[in-house]
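Chemist: What would the 3D arrangement of this be:
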Amino acid sequence: MSIFELTGNFIMAIFHAVYNILWGDIITIPLPGGSSLGLSLLILILIPSGIYFTIRTRFLPFRLFSEMLRITVEKRNVTQKDSISGLQALFVSTATRVGMGNLVGVVAAISAGGAGAVFWMWIIALLGSSTAFIEATLAQLYKEKDPLYGGYRGGPAYYIHHFFTPKRNSGRRSLVAVLFAISGLICWCGISQVIGNSVSSAFENAFQIPPIYTTAVLVIIAAIIVLRKNATVKVLDVMVPVMAVCYFLATIFIILKNAGQLPAVFQRIFLEAFGLRQAAAGGFGAVIMNGAKRGLFSNEAGSGSAPCAAAAADVSHPAKEGLLQSLGVFIDTLVICSCSAMIMLLAPADLTEGLAGMDLMQTAMRYHMGEPGVIFIAAILWLFSFSTFIGILFYARSNVAYLFGDSWRSQTLYKILALIMLFIGGLAAYTFVWDLGDIGIGLMTIFNMAALIPMAPQAIEALKDYEKNIRARKQP
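Modeler: This next block holds a predicted model:
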């Protein structure tokens, strides 16, 4: 065996070891009926943290939901040139949250865990809302002016830097912050390839268009947008509301068409959520974990992605952007993911039995809306995926700046690298790169949570100050 093969095998062994540490079950709990509950390192970190943040914020998603909605319609009042509003930052983060996971991921969760997985997605979303508030508020507290794009920039790399770097060495980069930034750039390159493959496959299935044509058009349009200085936010301002509303309205049509089945669907969700049907078959653990994993990594709370957009917002109080990002988790999981679940669960069970992945979703849509339904899903997947690509390159700005300084060359080179990955993914699927994206987001979460938990009291204080301002505003 040559030295190159030995080196390659060694690197792959390390790669798989890291993957298993992050995503593999490090604790297995036996359950009745022969089932078991496997807990990965990320689950063990994110769920207890979400419970802790929910308690410390005094159940923020429930108490301040009306305030979240009020902020979305608040008049824009930016103070920095070329900065974006809190609502625009929400559109950017929603573009990446409301991505392929809301279609492919939800289908996978229900395929593996049954209807009960939907219930656990809802629970995880409520916990994730509090986590999203903490990280977005910290991003606001430690944001800085952006000399390249204008406005502000920041995110986990910046508040991690402040936490781990002593003031006397504040000019030096923090190792943990550097590792976070590198993990993010690796993750987003991997996601770029997955996006290209998903879009080209969907169009080939729906319209019989060869992948090379779909991919070429996708990359050209993406390049026109991302290589311009400030086109990203303008495009997402239009794209995110349109795609979310279209998908929501299509689901409402399907729900109204099958309104008589709704009680049975909700009964199925709750019965299977607590294993009343799965316990005997030994599948209770799969129900919980598939719902939990999909909920955690669809809304991205705790991974440190969304704070890169939250830091760019020009808002009058840090907690405002925290509340908006908390609402983003609600939009992603409790609205969009639930739409995907309803589309599948309202289709006859005998029609979808044995199907998985996009075959399941397309079959369900064909039942509800005929062949136009299959075309609609392909178009929505394109919008979801394309907006995700644009959004992650907005995220990458701050990480590239933290690693390489204020340089247009480094910013442009990373964008070109992501476009190349988008093109490669459109032509062929490489499992290694997909797993590399999973490792990237897993490492991001580890490094982010290392600072997020001890720094949470600062976000809590910001919330208390904001609530004091609300009370003062309501008094005569």
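Chemist: quick one: buried residues of the host helix or strand of residue 400?
Modeler: Element membership for residue 400, per DSSP states H and E: helix 371-404. For helix 371-404, the neighbour count (16 or more other CB atoms under 10 Å) marks 373-403 as buried. (Each C-beta comes from the backbone N, C-alpha and C, glycine too.)
Chemist: Same check on stretch 140-148?
Modeler: Buried, per 16+ other CB under 10 Å, within stretch 140-148: 140, 141, 142, 143, 146.
Chemist: residues touching the last one, list them.
Modeler: The contact partners of residue 146, taken as CB atoms under 8 Å, 6 or more residues apart in numbering, are 152, 153, 312, 397, 398, 401.
Chemist: As a check, name the ranges of all strands in the stretch 151-300 of the chain.
Modeler: With DSSP state E, counting those that start in this stretch as the definition, the stretch 151-300 of the chain shows strands at residue ranges 152-153.
Chemist: Quick one: low-confidence residue ranges for it.
Modeler: 167-171, 275-299 (pLDDT under 70).
Chemist: Read off the pLDDT value for residue 453.
Modeler: Predicted confidence (pLDDT) for residue 453: 92.
Chemist: what does residue 354 give?
Modeler: pLDDT, read off for residue 354, is 68.
Chemist: For residue 319, what is the enclosing helix or strand?
Modeler: helix 318-329.
Chemist: just to revisit the earlier point, what would the contacts of residue 146 look like in JSON lines with distance to residue 129?
Modeler: Below are the contacts of residue 146 laid out as JSON lines (distance: CB to CB, whole Å):
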{"residue": "152", "distance to residue 129": "23"}
{"residue": "153", "distance to residue 129": "24"}
{"residue": "312", "distance to residue 129": "21"}
{"residue": "397", "distance to residue 129": "25"}
{"residue": "398", "distance to residue 129": "23"}
{"residue": "401", "distance to residue 129": "29"}
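Chemist: What average pLDDT does stretch 136-148 get?
Modeler: For stretch 136-148, mean pLDDT rounds to 91.
Chemist: follow-up on the earlier one: now the element after the helix holding residue 400, going C-ward?
Modeler: Downstream of helix 371-404 (by DSSP H and E), the next one is helix 408-427.
Chemist: and that next one, C-alpha only, in PDB?
Modeler: Taking Å, rounded to 0.1, in the frame of the first residue of the first chain, the C-alpha atoms of helix 408-427 are listed here in PDB:
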ATOM      1  CA  TRP A 408     -12.500  41.700  -1.100                       C
ATOM      2  CA  ARG A 409     -10.200  39.000  -2.500                       C
ATOM      3  CA  SER A 410     -10.900  36.500   0.300                       C
ATOM      4  CA  GLN A 411     -14.700  37.300   0.200                       C
ATOM      5  CA  THR A 412     -14.800  36.700  -3.600                       C
ATOM      6  CA  LEU A 413     -12.600  33.600  -3.500                       C
ATOM      7  CA  TYR A 414     -15.000  31.900  -1.000                       C
ATOM      8  CA  LYS A 415     -18.000  32.800  -3.100                       C
ATOM      9  CA  ILE A 416     -16.300  31.300  -6.100                       C
ATOM     10  CA  LEU A 417     -15.500  28.100  -4.100                       C
ATOM     11  CA  ALA A 418     -19.200  27.800  -3.100                       C
ATOM     12  CA  LEU A 419     -20.300  28.300  -6.700                       C
ATOM     13  CA  ILE A 420     -17.900  25.500  -7.800                       C
ATOM     14  CA  MET A 421     -19.300  23.200  -5.100                       C
ATOM     15  CA  LEU A 422     -22.900  24.100  -6.300                       C
ATOM     16  CA  PHE A 423     -21.900  23.200  -9.800                       C
ATOM     17  CA  ILE A 424     -20.200  19.900  -8.800                       C
ATOM     18  CA  GLY A 425     -23.200  18.900  -6.700                       C
ATOM     19  CA  GLY A 426     -25.600  19.500  -9.500                       C
ATOM     20  CA  LEU A 427     -23.800  16.900 -11.700                       C
END
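Chemist: any idea how far it is from the chain center?
Modeler: On the basis of CA atoms, centre = their mean, to the nearest Å, helix 408-427 sits 20 Å off its chain's mean C-alpha point.
Chemist: I appreciate the help and will end here.
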